[in-house]
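Q: structure, please.
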Amino acid sequence: MWQTQEITFQAERDYPNPYTDVDVWIELKGPGFERRVYGFWDGGRTFKVRFVATAPGEWRWTSASNRSDDAGLNGGRGSVMGTISGALLMQVIRHGCRSLGVPTAYEQIIIGVIVIVAVTLDQVRQRRLAR
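A: Reported below is the predicted structural model:
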């Protein structure tokens, strides 16, 4: 709480002038709070949204943009609690690999596989919830 949270999105395509052509935002909901929070272009295909959770509890967000055909900017979902727990899990895995003497290259492969599995499981869960 009271720390800046940053969410990064990757557009699926290039835009002639992303600074003026693309508006990206999240619909943010938290304890006693519900607002649209706009983001900014950060170079290349990267867009970011920053916000501060001002009360304890779960903060959920859904991404959207004025470019509804760009899946990289629209329909993303997450929560601050989920983000924090995911970052903590990655640090635990990293520490475990280093404690066991796993070479850095293998550590990166292990983390990559875990991220792919987690994203796949989340997509399956979201599809089931949508039915």
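Q: so where's the chain uncertain?
A: 1-2, 82-87, 126, 129-130 (pLDDT under 70).
Q: and the top helix by length along it, how far out from the chain's middle?
A: When every helix of the chain is counted residue by residue (DSSP state H), the longest turns out to be helix 104-130. Distance, stretch centre to chain centre, for helix 104-130: 13 Å (C-alpha atoms, centre = their mean, to the nearest Å).
Q: contact partners for residue 119?
A: With contacts defined as C-beta atoms under 8 Å, 6 or more residues apart in numbering, residue 119 has no neighbours. (C-beta placed from N, C-alpha, C; glycine too.)
Q: just to revisit the earlier point, give me the buried positions along the longest helix of the chain.
A: Neighbour-count burial for helix 104-130, with 16 or more other C-beta atoms under 10 Å as criterion, is recorded at residue 107.
Q: likewise for stretch 50-59?
A: Neighbour counts over stretch 50-59 (16+ other C-beta under 10 Å) mark 51, 53, 59 as buried.
Q: hmm, who's touching it?
A: 1-7, 26, 28-33, 37, 39, 79-81.
Q: and the end-to-end length of it?
A: Taking C-alpha to C-alpha, to the nearest Å, stretch 50-59 runs 13 Å from one end to the other.
Q: now do stretch 35-55
A: First-to-last distance for stretch 35-55 - C-alpha to C-alpha - comes to 14 Å.
Q: all helices of the chain, in order?
A: Ranges of helices in the chain, per DSSP H, are 18-21, 80-99, 104-130.
Q: the second one vs helix 104-130, what angle?
A: Counting by axes from the mean of the first three to the mean of the last three C-alpha atoms, to 10 degrees, helix 80-99 lies at 150 degrees to helix 104-130.
Q: now for helix 80-99, which elements pack on it?
A: Using 3 or more C-beta pairs under 8 Å, 6 or more residues apart in numbering; DSSP states H and E as the contact test, the elements touching helix 80-99 are helix 104-130.
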